[in-house]
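Just to be clear, the model below is a prediction. Sequence and coordinates:
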Amino acid sequence: MTEEEQDQLLIEHISKLREISVELYERITRAPTDNREEIPTEGCKRWGVDPKTGRLICLDPGFS
């Protein structure tokens, strides 16, 4: 593969990634906000997902 072919392939990949990122951004911004809940972020050192509920939880509150 020549350098020009590699450059063209790279340009195509970057263009596709841009399309995907725009689509994801649009999906996120159009998502309904009614079901979102406020998650307190102060003081949490490590986050995780509760396997039962799929919700974001604080794994390490960082309180001493």
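Perfect, thanks for sending it.

which residue is nearest the centroid of this structure?
Most central in the chain under CA atoms, centre = their mean is Leu24, positioned 8.9 Å from the mean C-alpha point.

Confirm it sits in a helix?
Yes: counting by DSSP: H, G, I helix; E, B strand; the rest coil, Leu24 is part of a helix.

how near is Thr2 to Leu9?
Thr2 sits 11 Å away from Leu9, taking CB to CB, to the nearest Å as the criterion. In short, each C-beta sits where N, CA and C put it, glycine included.

Looking at those two, which one has more neighbours?
Using other CB atoms under 10 Å, the more surrounded residue of Thr2 and Leu9 is Leu9, with 11 against 7.

What sits closest to the more buried one if chain neighbours are left out?
Setting aside the residues directly before and after it, Leu9 is nearest to Met1 in space (CB to CB, 6 or more residues apart in numbering), at 7.8 Å.

Now do that neighbour: how many residues are near it, please.
When neighbours are defined as other CB under 10 Å, Met1 has 7 of them.

Now do it against Ile14, distance only.
Distance of Met1 to Ile14, computed by CB to CB: 17 Å.
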